[in-house]
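Novice: Fold the stuff below for me.
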Amino acid sequence: MKKIKNSSIFGSTNEPHTIIIARGKTIRHFTIRPWAGLLGGALALGLAGSYLLATSYLVFRDDLIAGSVARQARLQQAYEDRLATLRTQLDRVTSRQMLDQRLMDGKVAALIERQKALAERHAKLAPALERATRAGVNGDTSLAMDGDDQDVVNSEDTDGFYGIDPIITGPTKSTHKPIPRDDRERTGVDKAEILDSVGHSLNDIESRQTQQIQKLSNAAYENADKIMEALAATGVKPVLNDDKAGSGGPLLLASAGPTSGIDTNLADLDEALARLEGAKALAKSVPIANPVPGMPVSSPFGVRKDPLLGMVAFHSGMDFRATSGSSVLATAKGTVTAADYNGGYGNMVEIDHGNGLATRYGHMSQILVSVGQQIKPGDILGKVGSTGRSTGPHLHYEVRKNGNAINPAGYLTIGRELASEL
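Specialist: Reported below is the predicted structural model:
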């Protein structure tokens, strides 16, 4: 007899499982197929896993949310810190640029003011230089900068430099290379270099103007002193007012303004030119010119043998050998006091030059001036001839001081010495 083998629940898949439920007198039984048991167990396990996962989520949800919020907060804080750093850097750069711009604006404004001052100075210099040229003062009256193909500052080269006129400032040396316009930092450096170059150019112009004015003043004083010293040998002196006599010295204005230096120099130049013009005007009233330029002296001033009588006699003037009809020129400015035939002088012209000086021109073949006429140096008085007491065509020339005849040779020598100054 075979023994029946007992198996555990779910232990065998060959036979269905039966579940018996007894309740009082009622008994119920259910038959469970193997596949249904497996399905039920799987569902149970799934439900249990889902329950555990849901429970774990509910337990750790707050921590996960808190961690995510903290991470987001850290990212937000880092982002805000980065923005604050960039904003600080931007503010620093902006402040530096504003400061640099203010400095640039200040420099440009200063340069424009200096340019205006140079323009005003140029307006003052122009008549003084023209006057110096008329006075014959040696010196280069061109104060413009020499152009040597250098860059010139204008509004197209640099932003904000409007008003800097290269005609006034002159060309400025460029020590920088062309750069792209978007290079802000390098552009600022280049602008500073350009402003420094313009400043040096203005300084050079101001220095050259000052030196030129001083040079012209010195030349004018030297020429005036030379003329006055030469004229002093003739006994001619300028007429001075009593309240100005015995005073002098370099001119130093009391003004301490920015233009006091150029004003002082211009005032000194004006005084020097006035002194020179006065000396030249005085020289023109002294008979130091030659009445017949280029003609030789045939008979000097002083004691000589009379050409007609052969006896010793006094010659009150100088005789110049010249061809008949040659022009006789006035040797200084003055007023004609005689213009007629006068005994041994023949046709004679006499001119009063002031300061007790007078000149006489004798033996002329023709007189071309009249009494009372105002004469300038070099004016034609008449023609050389042989009228009066004469042995042939020549000019008898006399210089008289306070009515007394004096030797014209000294005056002619002074005239030759001052020829380049007059």
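Novice: which element is F60 on?
Specialist: Here F60 sits within helix 34-134, counting by DSSP states H and E.
Novice: Let me fix that, I meant to ask about V328.
Specialist: Judged by DSSP H and E, V328 forms part of strand 327-329.
Novice: Mind listing what's buried along that strand?
Specialist: 327-329 (16 or more other Cβ atoms under 10 Å). Using the backbone N, CA and C atoms, a C-beta is placed for each residue, glycine as well.
Novice: Kindly report the same for stretch 299-315.
Specialist: By 16+ other Cβ under 10 Å, the buried positions in stretch 299-315 come out as 299, 301, 315.
Novice: Do I have it right that the second one meets A409?
Specialist: Yes - when contacts are counted by Cβ atoms under 8 Å, F301 is listed as touching A409 (6.4 Å).
Novice: Overlap of the contact sets of those two?
Specialist: M318 (Cβ atoms under 8 Å, 6 or more residues apart in numbering).
Novice: Give me the below-cutoff pLDDT ranges for the stretch 251-400 of the chain.
Specialist: 251-261 (pLDDT under 70).
Novice: what are the ranges of the strands in it?
Specialist: 297-299, 302-305, 312-315, 318-321, 327-329, 334-341, 347-354, 357-367, 374-375, 380-384, 394-401 (DSSP state E, counting those that start in this stretch).
Novice: for R400, what are its contacts?
Specialist: R400 sits next to 357-360, 406 when contact means Cβ under 8 Å, 6+ apart.
Novice: what does the strand holding V328 contact?
Specialist: 289-293, 349, 361, 364, 377-384, 395.
Novice: Give the pairing partners of it; include direction for each.
Specialist: strand 380-384 (antiparallel) (DSSP bridges).
Novice: in the partner strand, what counts as buried?
Specialist: For strand 380-384, by 16+ other Cβ under 10 Å, it's 381-384.
Novice: Please produce a markdown table containing these, extended by distance to N218.
Specialist: Supplementary listing: the buried residues of strand 380-384 in a markdown table, determined by distance: Cβ to Cβ, whole Å:
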| residue | distance to N218 |
| --- | --- |
| L381 | 38 |
| G382 | 42 |
| K383 | 44 |
| V384 | 43 |
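Novice: Touching, T210 and L266? I think so.
Specialist: No - T210 is beyond contact range of L266, at 10.2 Å (criterion: Cβ under 8 Å).
Novice: okay, these two: which has more neighbours?
Specialist: Ranked by neighbour count (other Cβ atoms under 10 Å), T210 and L266 place L266 first, with 20 against 15.
Novice: show me what contacts the more buried one?
Specialist: 124-125, 128, 213.
Novice: So which of these wins on neighbours?
Specialist: In terms of neighbours by other Cβ under 10 Å, the contacts of L266 top out with I213 at 26 neighbours.
Novice: tell me which element that residue is part of?
Specialist: helix 184-232.
Novice: Give the other helices and strands that that helix contacts.
Specialist: Using 3 or more Cβ pairs under 8 Å, 6 or more residues apart in numbering; DSSP states H and E, the elements in contact with helix 184-232 are helix 34-134, helix 166-169, helix 260-284, helix 408-417.
Novice: do you know which of those lies nearest V399?
Specialist: Comparison of the helices and strands packed on helix 184-232 against V399 by Cβ to Cβ identifies helix 408-417 as nearest, at 4.3 Å.
Novice: angle of the closest one against strand 394-401?
Specialist: Inter-element angle recorded for helix 408-417 and strand 394-401: 90 degrees (by axes from the mean of the first three to the mean of the last three Cα atoms, to 10 degrees).
Novice: Only the buried residues of helix 408-417, if you could.
Specialist: So helix 408-417, judged by 16+ other Cβ under 10 Å, has buried residues 408, 411-412, 414-415.
Novice: One more: stretch 222-242?
Specialist: 223-224, 226-228, 230-231, 234, 236.
Novice: Would you mind giving the residues you listed as TSV with distance to L64 added?
Specialist: What follows is these, written out as TSV (distance: Cβ to Cβ, whole Å):
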residue	distance to L64
N223	106
A224	107
K226	110
I227	112
M228	112
A230	116
L231	117
T234	123
V236	121
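Novice: Name the nearest of the residues you listed relative to L43.
Specialist: For these, the nearest to L43 is N223 (131.7 Å; Cβ to Cβ).
Novice: if I pick that closest one, what's in contact with it?
Specialist: By Cβ under 8 Å, 6+ apart, the contact list for N223 reads 136-137, 276, 279, 421.
Novice: So which of these wins on neighbours?
Specialist: Top of the contacts of N223 by neighbour count (other Cβ under 10 Å): L276, with 27 neighbours.
Novice: if I read this right, it contacts R134, doesn't it?
Specialist: No - between L276 and R134 there is no contact under Cβ under 8 Å: 10.4 Å.
Novice: Outline the domain layout of the chain.
Specialist: 125-238+255-284, 297-417 (automatic domain parsing).
Novice: closest to L86 among the contacts of N223?
Specialist: Closest to L86, out of all of the contacts of N223 and judged by Cβ to Cβ, is V137, at 67.8 Å.
Novice: now the closest one, what's its secondary structure?
Specialist: coil (DSSP: H, G, I helix; E, B strand; the rest coil).
Novice: quick one: the helix holding I213 to helix 260-284, angle?
Specialist: Using the same axes, to 10 degrees: helix 184-232 against helix 260-284 is 30 degrees.
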